[in-house]
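Trainee: just coords:
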């Protein structure tokens, strides 16, 4: 059943199904959903590398002898091929585990949180820019009032000088 689920495309199997426990509400995956789906498929079918080959015979007399020769040759070849296949299967398993671990580690490093904080900081920056603009307008208005009072009185600080 797991092999059938792994062979389904991400859209057919429900892309939010795999990896949903790792993601908090309101946060997205760091990597595309296809990466998590592919890693799941690789883990599901990774250990299933094997070949089942049966030798048969068709000719009544020579066929049985030829089948025995072919079986012996096949057994000798399989000794080496099985060893290589086993090593490759182990390597594939290690690479899948490393890739999965790297993806999960990067996902858990808080990069989603950093992205969210960057968005919050951008919003705060916009609010601060608006506040600075309002303060500049207020300062300009106060300077205008001050300049207006300077024209009305001879001193800029409001203290009369004797002279």
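Mentor: Alright, I've got the coordinates. All values reported here derive from a predicted model rather than from experimental measurement.
Trainee: The protein: strands as residue ranges?
Mentor: Along the chain, counting by DSSP state E, no stretch forms strands.
Trainee: helices or strands up against the longest helix along it?
Mentor: Using DSSP state H to define each element, the chain has its longest helix at helix 62-108. Secondary-structure packing of helix 62-108 (3 or more Cβ pairs under 8 Å, 6 or more residues apart in numbering; DSSP states H and E): helix 33-45. For the C-beta atoms, the positions are set from N, CA and C on the backbone; glycine is no exception.
Trainee: The helix it packs on vs helix 62-108, what angle?
Mentor: Using axes from the mean of the first three to the mean of the last three Cα atoms, to 10 degrees, the inter-axis angle of helix 33-45 relative to helix 62-108 is 140 degrees.
Trainee: Report the buried residues of helix 33-45.
Mentor: 33, 36-37, 39-44 (16 or more other Cβ atoms under 10 Å).
Trainee: low-confidence ranges in the chain?
Mentor: 1-29, 46-60, 149-163 (pLDDT under 70).
Trainee: Domains in it, by residue range?
Mentor: For the chain, automatic domain parsing gives the domain ranges 2-109, 110-150.
Trainee: Just the closest of the buried residues of helix 33-45 to residue 76, please.
Mentor: residue 42 (31.6 Å; Cβ to Cβ).
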